[in-house]
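1. Okay, predicted coordinates and the sequence, questions at the end:
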Amino acid sequence: MVVIRFTRFVLPLLLTCFVGPLRGQAGGLVADRPTLNALLGGSGFTETFGGYILAPGTAYNTGVSTLDSTSIVNSQGPNLVSPGLTFTGTNFQFDGVGYYNAVSREVLFNGNTMTINFASPTTAFGVDVRDFAGYSSTMTVTIYAPNDTTVLNTFSGISIADPAIFFGYQDPGGIGMVTLSDTGSWSPIITNLTFVPVPEPATDGLTACGLAIMLARSMRRRKSAA
C-alpha cells in the first residue's frame, strides 16, 4: 500500500519538480473577448496604448524599430507601453482617436510586420485588429512557444478592414511571442492587447518540490514504523 500511494501521489509531484510542469491541453483560437475574459478569470491586463500624448485625429511615426517600457520617443517616456511588452518592426507609429476612423488609441509599424514579445509567457492573449478606413488586406498571425523559436500555430488569410476584428489565442504551455504580418504597406493596426503571465516556476515549482519531499519523508517514516 505504501508503494502504491507513493507512486500515485508523490511521483507526479517529483516529475513536476525535476522535469517541469506537464503540458496541458492543446492551444487554440479564442472566439471573442468575453470568452477571453472568462478564460483569464479577471487576471488579464489590457494595453490600450494611451501612454504617448497625441492629439485626436493625428498620428506620430516614431522612427523607432523597438518599443518597450524603457523607450523615450520625442521626449516622451518611459512607460509608453506597459512593462512586459516589447514591440519590434519598422517605424513604430501611434494613432490618435479619429485617425482614419480609429475608435481608440492604436499602434502599427510602417513595415508590414509587427512582433509582440511577452517578457513572461502568457497563457492567452487577445487583440483588436483592423486596417485603415477605406483599405482592406489580409493578415497572417504566427504564434511562438516561450522559447520564441518553436511555432505553436500559424493562421493565414485573415481578412481585416474597418471596423476592427478580434483575434485571440490560448495555450496552457505558454506563448512567448506573436508576429502579425500584412499584405499591405504597413502592419496590422492593433489596440486593446490583453494578456496574462504564466505563474512563475519559482513559485509553483518550489511548492511542488516541497510537497513532494514532505510526502516522501512521511511515507518512509510510515514504512519504517510498520
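-> On my side now, so go ahead.
2. ok, residues contacting whichever strand or helix holds I143?
-> Here I143 sits within strand 137-144, counting by DSSP states H and E. Where contact means C-beta atoms under 8 Å, 6 or more residues apart in numbering, the residues beyond strand 137-144 that reach it are 27, 129, 131, 150-161, 167, 169, 171, 175-184, 188. No exception for glycine: its C-beta is placed from N, CA and C like everyone else's.
3. which neighbours does it have in its sheet, and in what orientation?
-> Within its sheet, strand 137-144 is paired with strand 151-160 (antiparallel), strand 165-182 (antiparallel), according to DSSP bridges.
4. Residues contacting the first one, please?
-> Contacts to strand 151-160, defined as C-beta under 8 Å, 6+ apart, come from residues 27, 29, 129-131, 136-145, 165, 167, 169, 171, 175, 182, 188.
5. Please work out how many residues are found near L193.
-> 22 (other C-beta atoms under 10 Å).
6. got the contact list for it?
-> So L193 contacts 46-47, 85, 116, 125-127 (C-beta under 8 Å, 6+ apart).
7. The same query, at a cut-off of 7 Å, please.
-> L193 sits next to 46-47, 125, 127 when contact means C-beta atoms under 7 Å, 6 or more residues apart in numbering.
8. Show me the strands in this structure, by range?
-> Secondary structure of the chain (DSSP state E): strands at 28-30, 45-47, 59-61, 66-67, 85-88, 92-95, 106-109, 113-130, 137-144, 151-160, 165-182, 189-197.
9. which parts of stretch 104-118 are buried?
-> 105-109, 111-118 (16 or more other C-beta atoms under 10 Å).
10. Let me have those in JSON lines, extended by pLDDT.
-> Formatted as JSON lines, the buried residues of stretch 104-118 follow (pLDDT from 0 to 100):
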{"residue": "R105", "pLDDT": "97"}
{"residue": "E106", "pLDDT": "98"}
{"residue": "V107", "pLDDT": "98"}
{"residue": "L108", "pLDDT": "98"}
{"residue": "F109", "pLDDT": "98"}
{"residue": "G111", "pLDDT": "95"}
{"residue": "N112", "pLDDT": "96"}
{"residue": "T113", "pLDDT": "98"}
{"residue": "M114", "pLDDT": "98"}
{"residue": "T115", "pLDDT": "98"}
{"residue": "I116", "pLDDT": "98"}
{"residue": "N117", "pLDDT": "98"}
{"residue": "F118", "pLDDT": "97"}
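11. Closest to Y99 out of these?
-> E106 (8.0 Å; C-beta to C-beta).
12. Of the contacts of strand 151-160, grab the buried ones for PyMOL.
-> Buried subset of the contacts of strand 151-160, written as a PyMOL selection, criterion 16+ other C-beta under 10 Å:
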select buried, resi 27+129+130+131+137+139+140+141+142+143+144+145+165+167+169+171+175+182+188
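13. what's around D32, how many residues?
-> 11.
14. ok, it touching F167?
-> No. The pair D32 / F167 is not scored as a contact, 10.1 Å apart, by C-beta atoms under 7 Å.
15. quick revisit: let me have the buried residues of stretch 104-118 in a markdown table, extended by distance to P78.
-> Shown next, in a markdown table, are these (distance: C-beta to C-beta, whole Å):
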| residue | distance to P78 |
| --- | --- |
| R105 | 18 |
| E106 | 20 |
| V107 | 16 |
| L108 | 21 |
| F109 | 20 |
| G111 | 24 |
| N112 | 27 |
| T113 | 25 |
| M114 | 20 |
| T115 | 20 |
| I116 | 18 |
| N117 | 17 |
| F118 | 18 |
